[in-house]
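A.B. asks: here is my input, please return the structure:
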Amino acid sequence: MEDNEKGYLYLNISIGTLGLIIIALALLKFKETVPAVESAFALLGYPLAMIYLHYLEKRAGISKRVIWIRSFIAILLLLVLGFIFFK
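C.D. replies: Numbers count the residues shown, from 1 in each chain. Coordinates of the predicted model:
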């Protein structure tokens, strides 16, 4: 794979991860405001989206090392942003 294609692939991974973090923060805020069955269904959909993203990354040929690094950074970023927005 060319360097340019790899850079484009990593850019797409970063944007997808950022999108999932934003969705997670919105789901947490939704859970605060609507403590009902609807919020439980929304929270069940999020892991399904993450599983599908992981499948697509493996299918694109991204190494497990990069996937784990992305996951670690995403978890840290989600925790930091969660503490900032939900104090």
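
A.B. asks: would you mind measuring from Arg70 to Leu25?
C.D. replies: Between Arg70 and Leu25 the distance is 18 Å, computed by C-beta to C-beta, to the nearest Å. All C-beta atoms are positioned from the backbone trio N, CA, C, and that covers glycine.

A.B. asks: tell me the contacts of the residue sitting nearest the centre point of the chain?
C.D. replies: Within the chain, one residue has its C-alpha closest to the average C-alpha position: by C-alpha atoms, centre = their mean, that is Leu20, at 3.3 Å. Leu20 makes contact with Tyr46, Ala49, Met50, Leu53, Ala74, according to C-beta atoms under 8 Å, 6 or more residues apart in numbering.

A.B. asks: centre of the chain to the helix or strand bottoming out on mean pLDDT in the chain, how far?
C.D. replies: Ranked by mean pLDDT, DSSP states H and E, the helix or strand of the chain with the weakest confidence is helix 37-59, at a mean of 82. Relative to the centre of its chain, helix 37-59 is centred 9 Å away, using C-alpha atoms, centre = their mean, to the nearest Å.
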